[in-house]
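Peer 1: Give me a 3D structure for the following:
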Amino acid sequence: MTARRQHLKSVMLQIAATELEKEESRKETEKQNYLSEHCPPLHMPSSMAELQELCKQLHAKVDAAEEEKYDMEVKVQKSSKELEDMNQKLFDLRGKFKRPPLRRVRMSADAMLKALLGSKHKVCMDLRANLKQVKKEDTEKERDLRDVGDWRKNIEEKSGMEGRKKMFESES
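Peer 2: So this is what the prediction gives:
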């Protein structure tokens, strides 16, 4: 089975190689035909006047080719500009706009409102002004901590048998 697969692969490679050779020879003949059609063989003149005339003719051909190249470039630029304008009109008609990439701006709320509304309007956006005042109630733990005071005194009071007796009495 693998021998047959190898044989088929080698046959395919041979066929591809001959096709490539045919393609190269076809391209070469096309190139020769184009050159013979568009570029007649150059005959070197023997006198100086004929040589100058040939140079003038060649310069005229180069100038004509450059003008044609410039005209083509202008047409391409004009058509690309028209395409951009049409694409923009299309986006405008559809209502879809390209969003520019946004940058993060660090600005306070007051500065943002001032920028939006202008400098005439005095806007102060104090977010804490409308908050309720809440009185903090003392919890039992905080009262205990305040009552305990210095920890050294507390340990001295609890040390010994009297301290343990007090601790049991205070729990019950």
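
Peer 1: low-confidence ranges in the chain?
Peer 2: By pLDDT under 70, the weakly predicted segments of the chain are 96-98, 119-130, 135-172.

Peer 1: One more pass at 80, please.
Peer 2: Scanning the chain for pLDDT under 80 picks out 1, 40-45, 91-92, 94-100, 102-172.

Peer 1: all helices for it, in order.
Peer 2: Along the chain, the segments classed as helices by DSSP state H run 2-38, 48-94, 109-117, 140-148, 151-158, 160-171.

Peer 1: how about those helices, which one is nearest residue 133?
Peer 2: Residue 133 lies closest, by CB to CB, to one member of the helices of the chain: helix 140-148, at 19.6 Å. In short, each C-beta sits where N, CA and C put it, glycine included.

Peer 1: Check the burial of residue 28 by counting its neighbours.
Peer 2: 10 (other CB atoms under 10 Å).

Peer 1: Report the residue ranges of every domain in the protein.
Peer 2: Domain assignment of the chain by the TED database yields the ranges 7-40, 47-95.

Peer 1: any chance of the ones you listed in TSV, plus distance to residue 114?
Peer 2: Putting the domains of the chain into TSV (distance: least, CB to CB, whole Å) gives the following:
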stretch	distance to residue 114
domain 7-40	71
domain 47-95	31
